[in-house]
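K.L.:
Dropping a prediction and its sequence here:
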Amino acid sequence: MKNMRWLVLILGFTLSCNGQQEKTVDAKQAIAMIEKEEVVVIDVRTPEEYAEGHLPGATNINYYDQDFAIQLGEMDENQKYLVYCHSGARSAKAAHLMKEQGFSGVYNLEGGISGWKLADGKVEE
């Protein structure tokens, strides 16, 4: 009986964590979202990486800045955001933080700008 309670507790925790995962979109889905102007595009790479090329209209908010969470807190929680980095790792962490701060429409670009380029997505310098 004791083991059954633990199993139910662990299963419930696992399911609740899975329900909190951020939404991931591929490059084609992201292109459609951007074309329809449904999202604000956030590049969480460093300013140096951003200067080398970024998605059209992207705003750079460096994930490594000490006040990154504060900068996020100044944004509209009700807006939809497409978040990306180089390969998707930093942006996944950023998207998770945004969800923790109460943002509801957060989309992580699968594969980051690397995946974007592979799908022939346009890049601005």
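P.N.:
Cool, the structure landed. Numbering: from 1, shown residues only.

K.L.:
low pLDDT regions in this protein?
P.N.:
Residues of the chain that meet the criterion pLDDT under 70 lie in 1-22.

K.L.:
try 90 this time
P.N.:
Applying pLDDT under 90 to the chain flags residues 1-22, 37-38, 104.

K.L.:
burial measure for Pro47, as a count.
P.N.:
11 (other C-beta atoms under 10 Å). (C-beta placed from N, C-alpha, C; glycine too.)

K.L.:
which element is the nearest residue to Lys23 once chain neighbours are set aside on?
P.N.:
Among residues not flanking Lys23 along the chain, Tyr107 sits closest, at 4.9 Å (C-beta to C-beta, 6 or more residues apart in numbering). Assigned by DSSP states H and E, Tyr107 falls within strand 105-109.

K.L.:
roughly how far is that strand from the heart of the chain?
P.N.:
4 Å (C-alpha atoms, centre = their mean, to the nearest Å).

K.L.:
for stretch 25-39, same thing?
P.N.:
On the basis of C-alpha atoms, centre = their mean, stretch 25-39 sits 13 Å off its chain's mean C-alpha point.

K.L.:
what's the answer for stretch 49-60, then?
P.N.:
Taking C-alpha atoms, centre = their mean, one finds stretch 49-60 lying 15 Å from the centre of the chain it belongs to.

K.L.:
Across the sheet, point out what pairs with the nearest residue to His54 once chain neighbours are set aside.
P.N.:
In space, and not counting its chain neighbours, His54 is closest to Asp43: 5.0 Å by C-beta to C-beta, 6+ apart. Counting by DSSP bridges, Asp43 forms beta bridges with Asn60, Tyr84.
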